[in-house]
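Student: what follows is a predicted structure for the sequence shown.
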Amino acid sequence: MKRRQFIKGAAVLGLATGTSTTSALAADATAATRAYPADVPVPIAAAVARFRQTIPAHFDKTYVDNAVIPFFLTSLYEGERPLLPIIDVALSKENALPHDLWGLIYKDWRPTPEEGSTVFLQGLEKRGDDNLRKRIYFAAVTPDLYKPMYQEKVVAFFDRILDKKYANKPFMRHYLDYYFDIYWDLHLGVNGDAIPPQVREIGEAFNTVLAYRNPLDPMVYENYMKVRQHLDFLKKWIDDRVSDINSGRTPHPEKTMAWYWLKNAGDGTHFGVKDIVFECFHNFVAFSQWGNSIYGIMSRLSEQGGDAKVRDVFKATMSGDYDNRGDGVYTPLELLVMELFRTISPNGGSISSVVDARNSAYGESPHARFGLPFERHSFIVTPHVTTNNNPTLWHEPEQFDPDRYRDVPTSADITEEKIQGMGLARCPFHITSVDVSDGRNVSITNSGFGTVFATVEGKPKPVCDYAGFAPFGFSYRRCPGEQLTIQVFEDFLRKVSRDNITFYKLKMATHGRVPIGPGAVINDDIGFKR
């Protein structure tokens, strides 16, 4: 249908029935066609115009164009459950973010890496030799740093939010009220009143958008635009704090993640200051999963409606020598936390971008043919939840059993010889080692599957390199904050055990709704007593 045929065919489209509403739709659709190339079929342009009529009138047009429409043109497909802990590089992390969310991190509503970027949205080919950028990031969260540099902050945080004055009250809203104190303290050494209101507000708004997700929800719109309102302020504030760390103005700068990024960045090609700034606020996504994890643990330990097996294992573990690893790789407490993460799976999967073929054996795609100004975006999610529970990988995966990790390979075990013993010709990733540049006797290496881990004073500190343990991802894409997160939750469980804390369902007429993580909004219906 050509443009000149549109008015004649409007009745067929239901746009010219004589009512004021449909007349307005017809007018909007007619106007909409002028925005597109002449060979764009009018029904397509009209359909977009009609869709716009369903959107609240006060929504900013650029938000509609860059968040609402891309949301409905994005497809997420669940991929296979890996039998080996690896994701092929054909499934890339390059710009692996649903396109409706780019406006949360860039002012231009699109990837703008020259302003800074994150390893979590960067293809392997752009990270430097041997996944260098991931290694630089990991240098700030290697397991040897936790006790001397970060643990005091974490323990103080849990002491604060689990103080007896907060007992018998909804917990998660209370947790979120203090969450950004520990977040910014770990990243930049800033907490309390030193965190500006705008910085707290943008963090809360960012997490609200990720949790509720529907861009047509007025609350999501308001929080999305709030993020954009404060984005420049946030980046400037982070940049100033990084400068304070670099100059020594921040007390104990070595107790911040940013200090290790600065020290290990080399010439800045793969991890410049602008990238440090970007990582500091992009971690809103990664660290927000702490809330989901805490709620999952409280739910399982709850006296009403919890999991009796989890409670029994928790009591048995904490009544023993839980920090003694003996001849094993992991301590009993570490095994318990690992099994909690496998069963909770706070991160549902690892998202990859895929190329939408514009030309294929089936001919030219509609987008290439008509030159449409809007296009589909497709992503594949390699699942964590179903892989964690795959009976091909585990005996009785539905059982809560922390001992299951005693007999599976670690990242230190996956050598060239081990790979060949599996029947593969060679390691998918070359095994290399890079020394850190911050004065520690630490090197960062990788398994044959690409999983990054640390060697501290000659002793490996590996992770479970097995597909059945998937809450932190797979191979070269595995979350570098895994061991830090496990250590944080070990301290959470130590606090719960030491202070005899129990969790229970609150009896309340109504419960507040709280955004606790990406795609996760819960009833704030669990409290604690001690």
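Tutor: Thanks, I have it.

Student: need the helices for the stretch 251-400 of the chain, in chain order.
Tutor: For the stretch 251-400 of the chain, the helices defined by DSSP state H, counting those that start in this stretch occupy 257-264, 273-287, 289-301, 308-318, 332-344, 366-370, 385-388.

Student: low-scoring stretches of the stretch 101-250 of the chain, by residue?
Tutor: Within the stretch 101-250 of the chain, no range satisfies pLDDT under 70.

Student: related to what we said a few turns ago, redo the helices of the stretch 251-400 of the chain as CSV? Include mean neighbour count and distance to residue 124.
Tutor: Every C-beta, even on glycine, is put in place using the N, C-alpha and C of the backbone. Below are these laid out as CSV (neighbours: other C-beta atoms under 10 Å; distance: least, C-beta to C-beta, whole Å):
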stretch, mean neighbour count, distance to residue 124
helix 257-264, 23, 19
helix 273-287, 22, 16
helix 289-301, 22, 23
helix 308-318, 16, 37
helix 332-344, 23, 25
helix 366-370, 14, 27
helix 385-388, 20, 21
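
Student: and those helices: which comes nearest residue 49?
Tutor: With distances scored as C-beta to C-beta, the stretch of those nearest to residue 49 is helix 366-370 (16.2 Å).

Student: buried sites along stretch 189-196?
Tutor: By neighbour count on 16 or more other C-beta atoms under 10 Å, the buried set for stretch 189-196 is 189, 190, 191, 195.

Student: residues contacting stretch 274-292, please?
Tutor: With C-beta atoms under 8 Å, 6 or more residues apart in numbering as the test, stretch 274-292 has contacts from 105, 115-121, 137, 172, 175-176, 179, 183, 187-188, 203, 206-207, 210, 234-235, 238-239, 242, 258, 261-262, 265, 344, 346-347, 479, 481, 485, 488, 516-518, 520.

Student: among those residues, which are in helices?
Tutor: 137, 172, 175-176, 179, 183, 187-188, 203, 206-207, 210, 234-235, 238-239, 242, 258, 261-262, 344, 485, 488 (DSSP state H).

Student: ok so, going back, least reliable of the helices of the stretch 251-400 of the chain going by mean pLDDT?
Tutor: Mean pLDDT is lowest for helix 366-370 out of those, coming in at a mean of 69.

Student: mind putting the helices of the stretch 251-400 of the chain into CSV with distance to residue 163?
Tutor: Below are the helices of the stretch 251-400 of the chain laid out as CSV (distance: least, C-beta to C-beta, whole Å):
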stretch, distance to residue 163
helix 257-264, 26
helix 273-287, 22
helix 289-301, 16
helix 308-318, 20
helix 332-344, 23
helix 366-370, 56
helix 385-388, 34
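
Student: nearest to residue 524 among those helices would be which one?
Tutor: helix 289-301 (9.1 Å).

Student: buried stuff in the one helix or strand residue 528 maps to?
Tutor: Remark: residue 528 resides in strand 526-529, with elements defined by DSSP states H and E. Under the neighbour-count criterion of 16+ other C-beta under 10 Å, strand 526-529 has 526, 527, 528 buried.

Student: just to revisit the earlier point, closest to residue 294 out of the buried residues of stretch 189-196?
Tutor: Closest to residue 294, out of all of the buried residues of stretch 189-196 and judged by C-beta to C-beta, is residue 191, at 18.8 Å.

Student: quick check on the nearest residue to residue 304 once chain neighbours are set aside: phi, psi?
Tutor: Take residue 304 and drop its neighbours on the chain: the residue closest to it by C-beta to C-beta, 6 or more residues apart in numbering is residue 505, 4.5 Å away. Main-chain torsions, residue 505, degrees, to the nearest 10: phi -70, psi 130.

Student: bridging across strands, which residues link to residue 505?
Tutor: Beta-bridge partners of residue 505, counted by DSSP bridges, are residue 526.

Student: name the residues of stretch 493-508 that are buried.
Tutor: Using 16+ other C-beta under 10 Å as the test for burial, stretch 493-508 gives 493, 494, 495, 496, 497, 501, 502, 503, 504, 505, 506.

Student: now those as TSV including secondary structure and distance to residue 228?
Tutor: Formatted as TSV, the buried residues of stretch 493-508 follow (DSSP: H, G, I helix; E, B strand; the rest coil; distance: C-beta to C-beta, whole Å):
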residue	secondary structure	distance to residue 228
493	helix	38
494	helix	40
495	helix	37
496	helix	39
497	helix	43
501	coil	40
502	strand	43
503	strand	37
504	strand	40
505	strand	38
506	coil	36
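
Student: reformat these as CSV; add pLDDT and distance to residue 444.
Tutor: CSV is the format used below for the buried residues of stretch 493-508 (pLDDT from 0 to 100; distance: C-beta to C-beta, whole Å):
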residue, pLDDT, distance to residue 444
493, 98, 28
494, 98, 28
495, 98, 30
496, 98, 32
497, 98, 33
501, 98, 36
502, 97, 40
503, 97, 37
504, 96, 43
505, 94, 44
506, 94, 45
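
Student: make JSON lines from the residues you listed and add distance to residue 246 to it.
Tutor: Listed next are these as JSON lines, based on distance: C-beta to C-beta, whole Å:
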{"residue": "493", "distance to residue 246": "36"}
{"residue": "494", "distance to residue 246": "34"}
{"residue": "495", "distance to residue 246": "34"}
{"residue": "496", "distance to residue 246": "38"}
{"residue": "497", "distance to residue 246": "40"}
{"residue": "501", "distance to residue 246": "40"}
{"residue": "502", "distance to residue 246": "45"}
{"residue": "503", "distance to residue 246": "42"}
{"residue": "504", "distance to residue 246": "47"}
{"residue": "505", "distance to residue 246": "48"}
{"residue": "506", "distance to residue 246": "46"}
